[in-house]
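In: Need the 3D shape of this:
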Amino acid sequence: MDASALIPILSVAIATSTPLVFASIGETITERGGVINLSAEGTVMLAAMAGFALAKTTEGLGIVPSLLLGFGGAALVGAAIALIVAFGALTLKQSQVAIGFVLALLCADLSSFLGNPFVRVPGPTVPNFKIPLLQDIPVIGQLFFQSDLLVYASYLLIIFSVIYFYRTRLGLTLRTLGEQPAAAFARGTNVILWRYWYTLLGGALMGIGGAAFSLDFKAGWSYRHTAGYGWIALAIVIFGGWNPLRVALSCYLFGILQSLASVAQSSIPDVPTQVFTVAPFVLMILFLVLTSSEWLERLFKLLPPALSRFMSQAIHSTPPLALGKVFEQD
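Out: Residues are numbered from 1 along each chain as shown. Modelled structure (predicted):
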């Protein structure tokens, strides 16, 4: 495959990874704050339905207002689901995993029931917007600057998240909430209140990710329109080591796998299409297993010490120490 054929594949992969970028970074923010929002699958699906339904019913206002209302409504749906998770986990001190799992199933079924009138109905989609001058840069312009505003917003989200996490005092507080909440509390931080905020913010971003499916990547609505992507977002957070940059790169890796699967499907027509549909999911899980294996650590020890440390840190990571644990704030 030559470069001229590879560039379109990569540009499509970047564009189609955008919903996962929003959802995965949203979950990263939530888990860095110490809360597990396992409702991602249902949240993305219900938000996708709500965003499309709201944009469709307000289509008469014009494409821009209807899309803004669609994304705003999806964000509110995501935040509302996250509020249930936060209330159950932080106020009632119940199992975060159990609450999230039940919500994932409930919201998925709700999306099918409530979204039935909108199945296979055409609606508004995010229009393309090529950035002048930047789009003419060889290779780079074709890859990154010939898409739409939602894709460009995902770039800004990645940059802002990295700066916020590692270059601001609030980012330090966020990471402390998930690592050492007692230390944050001792310094005067209201741990419960901030965990509420970051859980709601993460839920809103997951909601936007859901709307990005139904209003951009997979425009429209159908039964279980985003099935599987919420679970992939949860896996990507682990695969990305709870680091927003690595999480985003993992999303793009999944997008590339999807694009390659589509190319392979057209090149090998004798293989059942279901194989290529599930291949990216299987490969992502395989990558997750391999990068979590002890044998990989042993392999790194064969490298020079400096390179071994770099590779180990780049691949391996540990979850926040207080993730999913109840914090008693007196």
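
In: can you pull the contacts of residue 70?
Out: With contacts defined as CB atoms under 8 Å, 6 or more residues apart in numbering, the neighbours of residue 70 are 51-52, 54-56, 58, 124, 211, 215. Where you see a C-beta, it was placed from the backbone N, CA and C, and this is true even at glycine.

In: and if you look at residue 125?
Out: Taking CB under 8 Å, 6+ apart as the definition of contact, the neighbours of residue 125 are 215-216, 219.

In: Tell me which two of the contacts of residue 70 sit farthest apart.
Out: The most widely separated members of those, counting by CB to CB, are 58 and 211 (13.3 Å).

In: For these two, indicate the residue with more neighbours.
Out: Each of residue 58 and residue 211 has its neighbours counted (other CB atoms under 10 Å); residue 211 has more, 31 against 17.

In: separation between residue 173 and residue 43?
Out: When distances are taken as CB to CB, to the nearest Å, residue 173 and residue 43 turn out to be 25 Å apart.

In: next one: residue 321
Out: Separation of residue 321 from residue 43 (CB to CB) stands at 25 Å.

In: Settle it for me: which of those two has more neighbours?
Out: Comparing residue 321 with residue 43 by other CB under 10 Å, the one with more neighbours is residue 43, at 38 against 11.

In: where does that one land on pLDDT?
Out: What the model reports for residue 43 is a pLDDT of 96.

In: Tell me if it really is in a helix.
Out: Yes: residue state for residue 43 (DSSP: H, G, I helix; E, B strand; the rest coil) corresponds to a helix.

In: That one touches residue 211, doesn't it?
Out: No: contact criterion CB atoms under 8 Å: residue 43 and residue 211 do not qualify, at 11.3 Å.

In: In contact with the residue lying closest to residue 38 once chain neighbours are set aside: list those residues for me.
Out: In space, not counting the residues next to it along the chain, residue 38 is nearest to residue 100; the distance is 2.7 Å by CB to CB, 6 or more residues apart in numbering. Contacts for residue 100 were tallied using CB under 8 Å, 6+ apart; they are 36-40, 85.

In: list the buried ones in the strand or helix carrying residue 100?
Out: Here residue 100, judged by DSSP states H and E, is contained in helix 96-114. By neighbour count, with 16 or more other CB atoms under 10 Å as the criterion, the buried positions of helix 96-114 are 96, 99-100, 102-104, 107-108, 110-112.

In: ditto for stretch 120-132
Out: Within stretch 120-132, the residues that qualify as buried by neighbour count (16+ other CB under 10 Å) are 123-126.

In: For those, name the two members farthest from one another.
Out: Within those, 123 and 126 form the most distant pair, 11.3 Å apart (CB to CB).

In: where are the low-confidence patches of this protein?
Out: Along the chain, the parts satisfying pLDDT under 70 run over 1-5, 263-277, 279-281, 284-285, 287-300, 307-317, 330.

In: just the buried residues of stretch 120-132 now: which is nearest residue 193?
Out: For the buried residues of stretch 120-132, the minimum distance to residue 193 (CB to CB) is 34.4 Å, reached by residue 126.

In: tell me the SS of the closest one?
Out: In terms of secondary structure, residue 126 is coil; the call rests on three-state DSSP.

In: I figured it was touching residue 214, is that so?
Out: No: under the criterion of CB under 8 Å, residue 126 makes no contact with residue 214, lying 10.5 Å away.

In: which residues do these two both contact?
Out: None of the residues lies in contact with both residue 126 and residue 214 under the rule CB under 8 Å, 6+ apart.

In: doesn't residue 157 make contact with residue 21?
Out: Yes: the criterion here is CB under 8 Å, and residue 21 meets it with residue 157 at 6.8 Å.

In: neighbour count winner among these two?
Out: Counting neighbours by other CB under 10 Å for residue 21 and for residue 157 shows that residue 21 has the greater number, 31 against 19.

In: Make sure I have this right: that one is in a helix.
Out: Yes: looking at residue 21 with three-state DSSP, it is inside a helix.

In: Let the chain start at 54 from now.
Out: Understood, numbering begins at 54; the last thing we discussed is residue 74.

In: between the buried residues of helix 149-167, which is nearest residue 243?
Out: residue 149 (19.2 Å).
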